[in-house]
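**Q** Dropping a prediction and its sequence here:
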Amino acid sequence: MPRRDIMAEPYKIKSVETIRMTTPEYRQRAIAEAGYNTFLLKSEDVYIDLLTDSGTNAMSDMQWSALMHGDEAYAGARSFFRLEKAVQEIYGYKHMVPTHQGRGAENLLSTILIRPGHYVPQNMYFTTTRAHQERNGGTFVDVIIDEAHDSQAEHPFKGNVDLKKLEETINRVGPQNIPYVNVALTVNMAGGQPVSMQNLRDVRKICDKYGLRLMYDATRAVENAFFIQEREEGYAGKPIREIFKEMMSYSDGCTMSGKKDLLVNIGGFLAMNDDDIFAQAKELVVVFEGMPSYGGLAGRDMEAMAQGCYEMVDDHYIAHRIYQVRYLGEQLIKNDVPIVRPVGGHAVFLDARRFLPHIDQDQFPSQALAAALYEDSGVRSMERGIVSAGRNKRGENNHPKLELVRLTIPRRVYTDRHMDVVADSVIDLYQKRNSLAGLKMVYEPPTLRFFTARFERLP
Ligand code: PM9
């Protein structure tokens, strides 16, 4: 058991994967060839991969052995029923439709419920979620509290919905034009910031008052449950599994990317209590994904997800996960590197506006910083700023207040020593920040441009 303040990994290592060391000259060439976009690097050229925590999890021995129990029947597979039971037990929803990943669930939900002229209030946008809302003619409305847009504002629940903004939105556009209120747990683009239980209850009350559905993006909801246990009155010492179930009980369903909380490499689901939405989701899933009993997944993937449902709510596992992210964040804070405060659930976010104040937002400071970090140490991170924010309906660049680089920690993959290497490189870079230059975009795809856009370095 942990003694004093030392928190070691609550697991031991059974299999290892060698990672490759490269030289600075090699990395300079590699990032230039990748158009200064870390998404376009080859993973074998990366030393520590903090691009994302999505699908990059290390599975447990129990998950690997569950793979062998995969029932690969085309229809009615045993593995589907095991996943359904796990979702019902842990999340508490009545129905579940598997999808190949989170955006598969977003596609189903948005196609079923959103019509042109609709508005979807949400606690900050997420890239793929908003893309599906817009594809179906909807408009995303940001109803997160103002503090979420300020990287330095210390607030225990920076992901909270601003109840006043939510009610004003409902009254402005009319409840009949709101197919559902969407609450993300935690809020990725705000820095992995949580939502309090009280806020979820309050949002539920407002939804009930206007007869609105409340859907969650439950992608990192276990991390959210940890922050409630740690910070909210009445939840200290309460098992994560109970807190998690209570959180879910205030909603009508969720979209879920299993590639995060569920500790797997692929998978997702759409869950709901409503029989009619379930019927429609089953009809639609066959068009996009596959039979409602596999939704684009192999039986073995559903087995691994089902096992992940139980492992993710283990109190020791989630405490260590959050601790490791914080361990990295605190090293940076100690060295005055500007990061989003407080440190969130899945990542440490560098504040590129403060890191590189000499680079204008239209010269992509976060993209430039992510490229420089790779060059410095082979650490791969991700831009979460003006490139990710895309363009508005008039075709102009959105200018988000947060201009960030995300150092995302995969679950159960790296040790604290890896975190030391990352911290060392970021601190070094901060000390020579004045030598970094901005970028110009030379290729821009029409949607979700951050994945494949290309850049050149400005002199
Ligand atoms: N998130 C991430 O790296 C992977 C794609 S974007 C680079 O953070 C939320 C809150 C997410 C998310 C994916 C999805 C989509 C929905 N909601 O990637 O389709 O963070 O499984 O999930 C990514 P899928």
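**A** The structure has been received and is ready for your questions.
**Q** Please name the nearest non-neighbouring residue to the one residue in the stretch 51-200 of the chain that gets nearest to the ligand.
**A** As assessed by CB to the nearest ligand atom, the ligand sits closest to residue 102 within the stretch 51-200 of the chain, at 2.5 Å. (Each C-beta comes from the backbone N, C-alpha and C, glycine too.) Using CB to CB, 6 or more residues apart in numbering and skipping residues adjacent in sequence, the residue nearest residue 102 is residue 257, 2.7 Å away.
**Q** For the residue of the stretch 51-200 of the chain closest to the ligand, give me its contacts.
**A** Residues in contact with residue 102, defined by CB atoms under 8 Å, 6 or more residues apart in numbering, are 128, 217, 219, 255-259, 268.
**Q** got the phi/psi numbers for residue 207?
**A** phi -60, psi -40 (degrees, to the nearest 10).
**Q** quick one: it from residue 452, how far?
**A** 37 Å (CB to CB, to the nearest Å).
**Q** higher neighbour count, those two?
**A** Here residue 207 and residue 452 are set side by side on neighbour count (other CB atoms under 10 Å), and the busier one is residue 207, at 23 against 13.
**Q** Am I right that that one is in contact with residue 181?
**A** Yes - under the criterion of CB atoms under 8 Å, residue 207 makes contact with residue 181 at 5.7 Å.
**Q** re the thing from before, tell me the most packed of the contacts of residue 102, by neighbour count.
**A** Neighbour tally across these (other CB under 10 Å): the maximum, 33 neighbours, falls on residue 258.
**Q** and the residue lying closest to that residue once chain neighbours are set aside, what does it touch?
**A** Closest residue to residue 258 apart from its sequence neighbours, by CB to CB, 6+ apart: residue 267 at 3.7 Å. If you count contacts by CB under 8 Å, 6+ apart, residue 267 has them with 98-101, 258-259, 297, 301-302, 304-305.
**Q** Can you pull the phi and psi angles for residue 267?
**A** phi 130, psi 160.
**Q** where's it relative to residue 130, distance?
**A** Counting by CB to CB, the gap between residue 267 and residue 130 amounts to 22 Å.
**Q** same check, this time on residue 201
**A** Counting by CB to CB - residue 201 and residue 130 are separated by 26 Å.
**Q** residues in contact with residue 253?
**A** With contact set as CB under 8 Å, 6+ apart, residue 253 has these partners: 93, 109, 213, 215-216, 270-274, 277.
**Q** Of the residues you listed, which belong to strands?
**A** 215-216, 270-272 (DSSP state E).
**Q** with the residues you listed in mind, which one is nearest to the ligand?
**A** Scanning those for proximity to the ligand, where the rule is CB to the nearest ligand atom, the winner is residue 216, at 10.2 Å.
**Q** Report the beta-bridge partners for the closest one.
**A** residue 183, residue 254 (DSSP bridges).
**Q** Would you confirm that it contacts residue 254?
**A** Yes - between residue 216 and residue 254 there is a contact under CB under 8 Å: 4.1 Å.
**Q** shared neighbours, the two?
**A** By the contact definition CB under 8 Å, 6+ apart, residue 216 and residue 254 are jointly contacted by residue 248.
**Q** if we can go back for a sec, farthest-separated two in the contacts of residue 102?
**A** With distances taken as CB to CB, the most widely separated pair in those is 128 and 258, at 14.3 Å.
**Q** Now stretch 418-435: buried residues?
**A** 418-419, 422-423, 425-426, 429-430, 433 (16 or more other CB atoms under 10 Å).
**Q** try stretch 284-297
**A** Applying a neighbour-count criterion of 16+ other CB under 10 Å, one finds 284-285, 289-297 buried in stretch 284-297.
**Q** distance between the ends of that stretch?
**A** By CA to CA, to the nearest Å, the extent of stretch 284-297 from end to end equals 16 Å.
**Q** Low-confidence bits of this protein, can you list those?
**A** Along the chain, the parts satisfying pLDDT under 70 run over 1-4.
**Q** How about the residues of it by the ligand?
**A** The chain has residues 52, 54, 101-103, 126-129, 184, 188, 217, 219, 257, 259, 268 near the ligand, with proximity defined as CB under 6 Å from any ligand atom.
**Q** Determine the set of other helices and strands touching the longest helix seen in the chain.
**A** Counting residues, the longest helix in the chain under DSSP state H turns out to be helix 315-334. Identification of packing neighbours for helix 315-334 by 3 or more CB pairs under 8 Å, 6 or more residues apart in numbering; DSSP states H and E yields helix 221-231, strand 347-351, helix 416-431.
**Q** between that helix and helix 221-231, how big is the angle?
**A** Note on geometry: by axes from the mean of the first three to the mean of the last three CA atoms, to 10 degrees, helix 315-334 and helix 221-231 are set 80 degrees apart in direction.
**Q** Now helix 315-334 - C-alpha only, CSV.
**A** These are the backbone C-alpha positions of helix 315-334, laid out as CSV (Å, rounded to 0.1, in the frame of the first residue of the first chain):
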residue,chain,number,x,y,z
ASP,A,315,-10.0,3.5,-7.0
HIS,A,316,-6.3,2.8,-7.0
TYR,A,317,-6.0,2.8,-10.8
ILE,A,318,-7.7,6.2,-11.3
ALA,A,319,-6.0,7.8,-8.3
HIS,A,320,-2.6,6.9,-9.8
ARG,A,321,-3.6,8.0,-13.3
ILE,A,322,-4.5,11.5,-12.1
TYR,A,323,-1.4,11.6,-9.9
GLN,A,324,0.8,10.9,-12.9
VAL,A,325,-0.6,13.7,-15.0
ARG,A,326,-0.3,16.0,-12.0
TYR,A,327,3.3,14.9,-11.4
LEU,A,328,4.3,16.2,-14.8
GLY,A,329,2.2,19.4,-14.4
GLU,A,330,3.8,20.2,-11.1
GLN,A,331,7.3,20.0,-12.4
LEU,A,332,6.4,22.5,-15.0
ILE,A,333,4.7,24.8,-12.6
LYS,A,334,7.8,24.7,-10.3
